[in-house]
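Participant: Sequence and predicted structure below; questions after.
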Amino acid sequence: MSGPTDATALLQRLIRLDTVNPPGNEAAALELLRTELEGAGFKCDLLGAVPDRPNLVARLAGASDGPRLCLLGHVDTVLADPSEWSVDPWSGELRDGFVWGRGALDMKGQVACEVAAACELGRSGWRPASGELMLVLVCDEEAGSTYGAKWLCEQFPEQVRCDMLVNEGAGEIVEFGDRRFFTVCVGEKGVFRFKLVTEGRAGHASMPGIGENALLRMVDVLKVLDGRQPDFDDYPEARGSLAALLGEMGGDVGAALDRIREVEPRLADQLEPTMRVTVAPTMIRASAKENVIPSRCTVRVDCRVPPGMGEDHVRRRVEELIGPESETGYRIEFEDNVVGNASALGGPLAAGIEAFVERTAPGAGLLPLVLPGFTDSNWFRKAFPDCVAYGFFPQRAMSFFETAPLIHAPDERIAIDDLDLASQFYRELSLELLA
Ligand SMILES: [Zn+2]
């Protein structure tokens, strides 16, 4: 395109390129973004573990060394079932002031705004006074980042090293009592999926008394989990969320959540899982044959863990619920051990976000959140321990409670006004931090 890069038009074009992962097929979307960014003066590299799953690293260097600001985004999406949608999920249709389609919120919308802002800066002739503006646009976030951000941070750390990073995860507006907040994602929980295993003795199912049924042993373990979760964890980022809402916070996490629930139960529901290890049994497997008493039963458990906490902590929390492994007759076998991480809210990037919020919605505060899910920010904080990474994609047409149910769901859409707002944010932030 020769004219200005408009975030709305760019988002429509991105939605029309189907990047449902698996399989992803992100190459065409990343080629499109490369053409835009190169046209605006960015130096671009496509880096991929395999030819059809590239990642785009684009940079606009300043005259001297200085901070590196990275705008991150993934261009793959989850699937969509057209029969559940009001529009074709790959149409990018404009309706009622919104752009509709898979990825509008997660996260082609943010990618379009980041690229539109960067292109406008580049085309205007602006260059960082010092430091560098980087855009890292990746594949494969929705299926584990094996070819995307994880791979980039491990294989090409020098290409993607940065001091400040803005990614997905938050930015919606939340009303709490008579106050308004923009959410900022400061961290994500870790993933420690595990198997629960019980053992017994096989035998012919026509004579139940001769075996020991591992499936029935598992019932006792699962019963304990029904309606219960491990105790709350009191950690700095959890306190940060609670204190932003309640002011100076005395007492424990549970009591603070109760006070929040009295004002806004939907917000308490969102915060609660971020303040503890969560366990959710999802799959069970026992005998492979209907006439054989199972000697082994396994249950897969999805388990999410607050930032910085590891296997020992998970094991302790699970044992507090179910009882000690050895005495209770079950075993835990970990399948994932990705430790969550977080960035403290402070420094130039937080100040830049705060200043934008003050200009946009005077009197509104920032609500720092840890996400119950996962984002690519994790790989950057892990690879570059000094990197400050937040999720921030400012939106105000829909509230936090309206957008959250649309992510990974039918009728995903974003307001055109918010695409303008977010483009303005990424442009002004770059100007401010790289002056
Ligand atoms: Zn996403």
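Facilitator: Thanks, I have the structure now. Residues are numbered from 1 along each chain as shown.

Participant: what residues does the helix or strand bottoming out on mean pLDDT in the chain touch?
Facilitator: Here the helix or strand of the chain ranked lowest by mean pLDDT, DSSP states H and E is helix 325-328, holding a mean of 82. Among residues not part of helix 325-328, those counted as contacts by Cβ atoms under 8 Å, 6 or more residues apart in numbering are 221, 315, 319, 322, 331-332. Backbone N, C-alpha and C define where each C-beta goes, glycine included.

Participant: Up against the ion, what does the stretch 51-200 of the chain have?
Facilitator: 106-107, 168 (Cβ under 5 Å from the ion).

Participant: 8 Å instead?
Facilitator: Proximity of the stretch 51-200 of the chain to the ion is assessed by Cβ under 8 Å from the ion, with 74, 106-107, 141-142, 168 identified as the residues in range.

Participant: Which of those sits closest to residue 413?
Facilitator: Taking Cβ to Cβ as the measure, residue 413 lies nearest residue 106 of these, at 11.5 Å.

Participant: quick revisit: and the contacts of helix 325-328, which of them are in helices?
Facilitator: Under the assignment DSSP state H, these contribute 221, 315, 319, 322 to helices.

Participant: Widest-spaced pair of those?
Facilitator: Of all pairs drawn from the ones in helices among the contacts of helix 325-328, the widest gap by Cβ to Cβ lies between 221 and 315 and measures 14.5 Å.

Participant: How about residue 215: what's its closest non-neighbour residue?
Facilitator: Counting by Cβ to Cβ, 6 or more residues apart in numbering, residue 286 is the residue found nearest to residue 215 once chain neighbours are left out, at 4.2 Å.

Participant: Check the gap between the one you found and residue 6 for me.
Facilitator: As for residue 286, its distance to residue 6 is 56 Å (criterion: Cβ to Cβ, to the nearest Å).

Participant: just residue 304 next, same as before
Facilitator: With Cβ to Cβ as the criterion, residue 304 and residue 6 are 38 Å apart.

Participant: Which one's more surrounded, the two?
Facilitator: In this view residue 304 and residue 6 are compared by other Cβ atoms under 10 Å, and residue 304 has more residues nearby, 23 against 17.

Participant: Which residues does that one form beta bridges with?
Facilitator: Residues found in beta-bridge contact with residue 304 (criterion: DSSP bridges) are residue 191, residue 278.

Participant: Quick check: residue 251 is in a helix.
Facilitator: No - applying DSSP: H, G, I helix; E, B strand; the rest coil, one finds residue 251 to be coil, outside a helix.

Participant: Go through the top helix by length along the chain and flag the buried ones.
Facilitator: Longest helix in the chain by number of residues (criterion: DSSP H): helix 416-433. Of the residues in helix 416-433, 416, 418-419, 421-431, 433 count as buried by neighbour count, 16 or more other Cβ atoms under 10 Å.

Participant: of all the ones in helices among the contacts of helix 325-328, which comes closest to residue 198?
Facilitator: Within the set of these, residue 221 lies nearest residue 198; the separation is 6.6 Å, counting by Cβ to Cβ.

Participant: Now the closest one: closest residue in space, sequence neighbours ignored.
Facilitator: Beyond its immediate neighbours in the sequence, the residue positioned closest to residue 221 (Cβ to Cβ, 6+ apart) is residue 330, lying 5.0 Å away.

Participant: OK, contacts around the one you found?
Facilitator: Applying Cβ under 8 Å, 6+ apart, the residues contacting residue 330 are 196-198, 217-218, 221, 322.

Participant: Now, these that are in helices?
Facilitator: In helices, defined here by DSSP H, the members of those are 217-218, 221, 322.

Participant: helix, strand or coil for whatever residue of the stretch 251-400 of the chain ends up closest to the ion?
Facilitator: With Cβ to the ion, the shortest gap between the stretch 251-400 of the chain and the ion falls at residue 375, namely 6.6 Å. When states are read from three-state DSSP, the local structure at residue 375 comes out as coil.

Participant: Check the one 4 residues further on too.
Facilitator: Under the three-state scheme (three-state DSSP), residue 379 adopts helix.

Participant: Near it, how many other residues are there?
Facilitator: 24.

Participant: What's the per-residue pLDDT of it here?
Facilitator: With respect to pLDDT, residue 379 scores 98.

Participant: got the contact list for the residue of the stretch 251-400 of the chain closest to the ion?
Facilitator: Counted by Cβ under 8 Å, 6+ apart, residue 375 has contacts 141, 167-169, 185, 188, 391.

Participant: Which pair of the residues you listed spans the longest distance?
Facilitator: When the contacts of residue 375 are compared pair by pair using Cβ to Cβ, the two farthest from each other are 141 and 185, 14.3 Å apart.

Participant: Between the two, point out the one with more neighbours.
Facilitator: Neighbours were tallied for residue 141 and for residue 185 using other Cβ under 10 Å; the higher tally belongs to residue 141 (29 against 24).

Participant: Out of residue 221 and residue 315, name the residue with the larger neighbour count.
Facilitator: Set side by side, residue 221 and residue 315 show more neighbours around residue 221, with 20 against 16, by other Cβ under 10 Å.

Participant: separation between that one and the ion?
Facilitator: Applying Cβ to the ion, to the nearest Å, one obtains 34 Å for the distance of residue 221 from the ion.

Participant: gap between that residue and residue 287?
Facilitator: 17 Å.

Participant: Equivalent analysis for residue 142, please.
Facilitator: Where residue 287 is concerned, residue 142 sits at a distance of 34 Å (Cβ to Cβ).

Participant: So these two - more neighbours on which side?
Facilitator: Comparing residue 142 with residue 287 by other Cβ under 10 Å, the one with more neighbours is residue 142, at 21 against 18.

Participant: what does the model give the closest residue in space to that one that isn't next to it in sequence for pLDDT?
Facilitator: Spatially, and ignoring its direct neighbours in sequence, residue 142 is nearest to residue 21 (4.5 Å; Cβ to Cβ, 6+ apart). Per-residue pLDDT puts residue 21 at 98.

Participant: ok, now which ones touch residue 21?
Facilitator: Contact criterion Cβ under 8 Å, 6+ apart gives 76-78, 139-143 as the residues in contact with residue 21.

Participant: Of those - the most surrounded one?
Facilitator: With neighbours taken as other Cβ under 10 Å, the top of the contacts of residue 21 is residue 139, carrying 32 neighbours.

Participant: Any regions of the stretch 101-250 of the chain where pLDDT drops low?
Facilitator: Low-confidence segments of the stretch 101-250 of the chain, defined by pLDDT under 70, are located at 249.
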